[in-house]
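1. Task: produce atomic coordinates for the following.
(chains A and B)
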Amino acid sequence: AQSVTQPDIHITVSEGASLELRCNYSYGATPYLFWYVQSPGQGLQLLLKYFSGDTLVQGIKGFEAEFKRSQSSFNLRKPSVHWSDAAEYFCAVGADSSYKLIFGSGTRLLVRP
Amino acid sequence: NAGVTQTPKFQVLKTGQSMTLQCAQDMNHNSMYWYRQDPGMGLRLIYYSASEGTTDKGEVPNGYNVSRLNKREFSLRLESAAPSQTSVYFCASSPSGTSYNEQFFGPGTRLTVL
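-> Residues are numbered from 1 along each chain as shown, chains lettered A, B, ... in the order given. As a prediction, this is how the structure comes out:
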C-alpha cells in the first residue's frame, strides 16, 4: 500500500533563507508525486508534480522538487523564502490505475522577518 | 470562472443534527472528491465520484452520504452529526479519475459538532 511521510511537523526559517521540506513515500513502482500548498483559510493549490522523466521538477512560486528513487524521497526546495510562503505544505502520492491520492500529514512553514 | 465553490464556510451543529455540505465546480470536470482534514492527519478521502450518478467510498466513509445529481454538483450529507465529525471538509474536482490529474480544491467548510 502507498504511504507518505512528512517527518517535520513545523519548520521555521528566516525570510531570504533557503528551504527544504522533506517527503518520503512508500510505493512499489514509480509513483505520481505532488506538492500542494495550503495558505491559511484556503483550499489546497498544486505547486508541482512528478510523473516521469527529469527528476528535478520546477513549480510555481519559485519552488522545485527532486525525485530520488534510491531514497524514496521527493523533497521540496526554494532558494530564498518570502514571508508570503508561510503556509502548510502537503506531499501526496498517487498510483497508476487509481484515482486515489494519499496525502502526508503536512509541514507547517513559519517565516521569521 | 469560480473553480470549486463550497457552502457554507462555517457551521456549528449539535450532536444528532443533520446537514448537507454543498460543492459545485464550473470546470466541466468528471471526477469529484470529498476530503476531511484533521490536525496531524493530512487529508483523508471520504467519498469519490467518477461521474454523474456514480460514487465510491474512500478511506473514512462512515457517517456520511453523498449525492452526485449532475456533473457540476457533489453534496456531502451528515445524517446524525457526532463530535468526531468536527473537521474541515474540502471538496475537489479533477478532469478524470486518474491520480496523475491535478485536483482543484474548494476553500473548505469548517464544521464543529458540539
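
2. partner residues bridging the residue in chain A that chain B sits nearest to?
-> Closest residue of chain A to chain B, C-beta to the nearest C-beta: A:Gly94 (2.6 Å). Where C-beta positions appear, they are placed from N, C-alpha and C, glycine not excepted. On the basis of DSSP bridges, A:Gly94 is bridged to A:Tyr32, A:Leu101.

3. give the contact list for it.
-> Applying C-beta atoms under 8 Å, 6 or more residues apart in numbering or on different chains to A:Gly94 gives the contacts A:2, A:31-34, A:100-102, B:99-100.

4. quick check, nearest of those to A:Glu15?
-> Proximity of the contacts of A:Gly94 to A:Glu15 (C-beta to C-beta) peaks at A:Phe34, which lies at 26.0 Å.

5. In what element of secondary structure is residue 89 found?
-> Since you didn't name a chain, this refers to chain A. strand A:87-94 (DSSP states H and E).

6. oops, I was thinking of chain B
-> Assigned by DSSP H and E, B:Tyr89 belongs to strand B:87-94.

7. then that strand to PDB, C-alphas only?
-> Output of strand B:87-94 as PDB, limited to C-alpha atoms (Å, rounded to 0.1, in the frame of the first residue of the first chain):
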ATOM      1  CA  SER B  87     -13.300  18.800  11.000                       C
ATOM      2  CA  VAL B  88     -12.500  20.900   7.900                       C
ATOM      3  CA  TYR B  89     -14.200  19.500   4.800                       C
ATOM      4  CA  PHE B  90     -12.800  20.000   1.300                       C
ATOM      5  CA  CYS B  91     -14.400  19.300  -2.000                       C
ATOM      6  CA  ALA B  92     -12.100  18.800  -5.000                       C
ATOM      7  CA  SER B  93     -12.500  18.100  -8.700                       C
ATOM      8  CA  SER B  94     -10.300  16.800 -11.500                       C
END
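
8. for chain A, what are the nearby residues on chain B?
-> Residues of chain B that fall close to chain A, judged by C-beta under 8 Å from any C-beta of the partner chain: B:4, B:31, B:40-45, B:48, B:50, B:58, B:90, B:92, B:97-100, B:102-103, B:105-108.

9. Give me the residue at the spatial middle of chain B.
-> B:Trp34 (2.8 Å; C-alpha atoms, centre = their mean).

10. I meant chain A, not that one.
-> Closest-to-mean residue, chain A, C-alpha atoms, centre = their mean: A:Trp35 / 3.6 Å.

11. Make a ChimeraX selection of the buried ones in the contacts of A:Gly94.
-> To isolate the buried members of the contacts of A:Gly94 in ChimeraX, using 16 or more other C-beta atoms under 10 Å in any protein chain shown:
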select /A:2,31,32,33,34,100,101,102 /B:99,100
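
12. Could you tell me which ranges of chain A sit under the pLDDT cut-off?
-> For chain A, the stretches with pLDDT under 70 are A:96-97.

13. got the residues of it near chain B?
-> A:4, A:9, A:32, A:34, A:36, A:41-46, A:49, A:51, A:90, A:94-101, A:103-106.
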